[in-house]
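In: Provide a 3D model corresponding to the input given below.
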Amino acid sequence: MKSDLFSSEHMAQPATEAGMTLQNAKSIKYAVNGEMLARQGAMIAYRGNLQFERRGQGIGGMLKRAVTGEGLPLMAVKGQGEAWFAHEAQNCFVVDIEQGDVLTVNGRNVLCFDASLSYEIKTVKGSGIAGGGLFNSVFTGWGRLGLVCEGNPLVIPVTAQQPVYVDTDAVVGWTANLSTSLHRSQSIGSMIRGGSGEAVQLMLQGEGYVIVRPSEATPKKTEQH
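Out: Here you go, the predicted structure:
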C-alpha cells in the first residue's frame, strides 16, 4: 500500500525520552513512566500498559472540575507506555515551566501536564462575574504543560508604561507579575444606543506577557463521557 499518508510526517515513532513532546501541530505525545495529568477525554490513542483514572472530587476537586478543561475534570494517567492527546483539532503548544515561573492559564486551554507541576484555582482579581475566566488555573514548579488554542495565539508584551486590554473570552493566559482589573471602554451613552459589543475588557499591568487566541469563546459543546 502506497500513500503520502504513511510518510514519516504522519507516522508515530517510538519515544526516545520520557515525558511530553509535540507529535504535530494538533496533538501532543506523552511517554508515560509513572504518572501524568490530562484533561479528561483528551486521550486519542495509547499503547503500552496505562491506566486512566478520574481525579477525585471533594470541594477542591469540584472547583478544579468547574474550571480546568471548561467543566471537564482532570484524569491521571499511570503506568508505562505512550499516549496521545488532542482537543477538537486545536493547535497544541508545550511550555517548559521552571522553578520561580508562574503561568496563569484559562482552564479551557489546558490539555495535559507533568505531575511534578503544582496547580491551583485562583480568582482572577478584578474580573468579576463578567470575566470569561472568573477562575483560572495557576501553574508553578518544574515541568511541562501542554496547551491548546483555537488558531495561532498572539503573545503581547506588557510593560509598566503600556498596559494591555484583552477580551475576557479571548485570553488564554499570562505570566507572573501582572495585575488584573476590569476596564470599561464604552461610555454609558454608547451602551444606551446599543453598544459596540466591546464594553468590558481585562486590563493587565506590570511586566510580562499575555497570550490571546484569535477568536472569542464559541458556544460550549455538549461533552460526551
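
In: Would you mind identifying the next helix or strand past the lowest-mean-pLDDT helix or strand in the chain?
Out: Lowest on mean pLDDT, DSSP states H and E among the helices and strands of the chain sits helix 188-192, with a mean of 45. Downstream of helix 188-192, the first helix or strand assigned by DSSP states H and E is strand 200-206.

In: What pairs with the helix or strand following that next one, parallel or antiparallel?
Out: Once the chain leaves strand 200-206, the next helix or strand it forms, by DSSP H and E, is strand 208-212. Paired neighbours of strand 208-212 in the sheet (DSSP bridges): strand 154-158 (antiparallel), strand 171-175 (antiparallel).

In: how close does residue 7 get to residue 44?
Out: 20 Å (Cβ to Cβ, to the nearest Å). In this view, the C-beta of every residue, glycine as well, is placed from N, C-alpha and C.

In: Settle it for me: which of these two has more neighbours?
Out: Of the pair residue 7 and residue 44, residue 44 is the one with more neighbours under other Cβ atoms under 10 Å, namely 14 against 8.

In: show me what contacts that one?
Out: Taking Cβ atoms under 8 Å, 6 or more residues apart in numbering as the criterion, residue 44 is in contact with 27, 84-86.

In: Can you list the low-confidence ranges for the chain?
Out: Scanning the chain for pLDDT under 70 picks out the ranges 9, 56-72, 125-135, 185-199, 216-225.

In: if we go to 90?
Out: Applying pLDDT under 90 to the chain flags residues 1-18, 54-74, 106-108, 119-137, 168-169, 180-201, 215-225.

In: Look up how far residue 41 lies from residue 88.
Out: Distance of residue 88 to residue 41, given as Cβ to Cβ: 11 Å.

In: okay, the two: which has more neighbours?
Out: The neighbour comparison of residue 88 against residue 41 (other Cβ under 10 Å) goes to residue 41, with 16 against 10.

In: Specify the local secondary structure of the more buried one.
Out: Put simply, residue 41 is coil when judged by DSSP: H, G, I helix; E, B strand; the rest coil.

In: Could I get the full set of helices for the chain?
Out: All helices of the chain, identified by DSSP state H, fall at 58-67, 188-192.

In: What about residue 177, how many residues nearby?
Out: By other Cβ under 10 Å, neighbour count at residue 177 equals 12.

In: again but with residue 101, I slipped
Out: 15.

In: Please look at it and residue 177 and confirm they touch.
Out: No: between residue 101 and residue 177 there is no contact under Cβ atoms under 8 Å: 10.8 Å.
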